[in-house]
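Peer 1: no sequence on hand, only this structure:
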C-alpha cells in the first residue's frame, strides 16, 4: 500500500478538490476520460453498466475525509471515446490501468459496483500488483455460475414504453420509501448521451463476463457488499463471490435494493472506509 499512499498524496496535492475531466489513452488508442477529487491515497470508483462517473455523485464525498477518489467514464460513455467495436469487462479493466498509468499510481484500492464490480474482478485477477484492497458491490461472477435475474425482472425492463421501463428500473434500484423522498434527478439509470451502439456493447460486455476461474487467484483483501432485496443483480451472487475469493468478507445490507451504496450510504460508506483502513494486501 506504500505506493498507493505515496502517489495518492501527490495526486491530491496536484488536483486539490477540483473536479475536472482529463484523459488517458488506452493501449488501443481510445481516449478514456477520468476525474479526481479530494486528497490522500487513491480509491478507484467503478460505475455500473452504461453509466458514466455521475453514478457516484451521491456518495463520493463520503470518502474524501480519508481518500482521493478516481472515477472514469467507460468507453462509450461521458467524455470518453465511443468506438463501435466489441467491449469487454477485461478491456474496461485495461482502461482503468491506462488511467492509473497516466496518474503515476502504482497501486490503488478499488471499489466497483454492479458491472463495475465485474470490471474490478478482472482488474484484481489480471493486474494484481495494481490493486491494494478490493470492494465488490452488488456484483456477480457472471457466466454459468452466476445467478441471473428472473424473467419478471427481464420483462419489466424490456417494456416497449420507455417511461414504464425507466420506472421499473427505478424500483429495482431503490425502495419505495426512498423514491418518495428523492424525486431525482437519479444518476444511476444510464448515461443519456450514449449512442445506441455503445449501449449494445456495454450490455454484451456485462453478459459475457465470466470470472469464475479467475476468482480463486485474487489475492487482494476483499469485501463483498450486497442488498438483501436486490433483484436486478440477485443477492445470491454475493456469497458465490465471497466463497470463491480467498479470505473475502461478506456483508449484506437488510432491505437494500441494487443502489444500496446511495440509498444506504450512511451504513455502506463507513463500512467500506473501515474495511479499506484495516485491510492489508497479501
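Peer 2: Ah, there it is. In this text the structure is predicted, and so the values were computed from the model without any measurement.

Peer 1: for the rest of this, base every contact and every neighbour count on C-alpha atoms.
Peer 2: Will do.

Peer 1: remind me which residues of this structure are low pLDDT?
Peer 2: Along the chain, the parts satisfying pLDDT under 70 run over 1-19, 281-282.

Peer 1: now the helices for it?
Peer 2: Ranges of helices in the chain, per DSSP state H, are 2-15, 89-103, 115-126, 151-157, 162-173, 176-181, 196-208, 237-244, 260-263, 265-278.

Peer 1: angle of the second one against helix 115-126?
Peer 2: Pointing back at helix 89-103 there. Angle, helix 89-103 to helix 115-126, by axes from the mean of the first three to the mean of the last three Cα atoms, to 10 degrees: 80 degrees.

Peer 1: quick one: buried residues of helix 89-103?
Peer 2: Using 16 or more other Cα atoms under 10 Å as the test for burial, helix 89-103 gives 89-101, 103.

Peer 1: export the residues you listed to a markdown table and append columns for distance to residue 274.
Peer 2: As requested, those are exported to a markdown table (distance: Cα to Cα, whole Å):
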| residue | distance to residue 274 |
| --- | --- |
| 89 | 27 |
| 90 | 28 |
| 91 | 30 |
| 92 | 27 |
| 93 | 25 |
| 94 | 28 |
| 95 | 28 |
| 96 | 24 |
| 97 | 25 |
| 98 | 28 |
| 99 | 26 |
| 100 | 23 |
| 101 | 27 |
| 103 | 25 |
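
Peer 1: and those residues, which is closest to residue 56?
Peer 2: Taking Cα to Cα as the measure, residue 56 lies nearest residue 96 of the buried residues of helix 89-103, at 16.1 Å.

Peer 1: who's in contact with that closest one?
Peer 2: Counting by Cα atoms under 8 Å, 6 or more residues apart in numbering, residue 96 touches residue 72.

Peer 1: again, but for residue 256
Peer 2: Counted by Cα under 8 Å, 6+ apart, residue 256 has contacts 174, 175, 226, 227, 228, 229, 230, 263, 264.

Peer 1: ok so, going back, tell me which of the helices of the chain lies nearest to residue 49.
Peer 2: With Cα to Cα as the criterion, residue 49 lies closest to helix 115-126 of these, at 5.1 Å.

Peer 1: what's that closest one packed up against?
Peer 2: In this structure, helix 115-126 packs against strand 42-46, helix 89-103, strand 108-113, strand 131-137, with contacts taken as 3 or more Cα pairs under 8 Å, 6 or more residues apart in numbering; DSSP states H and E.
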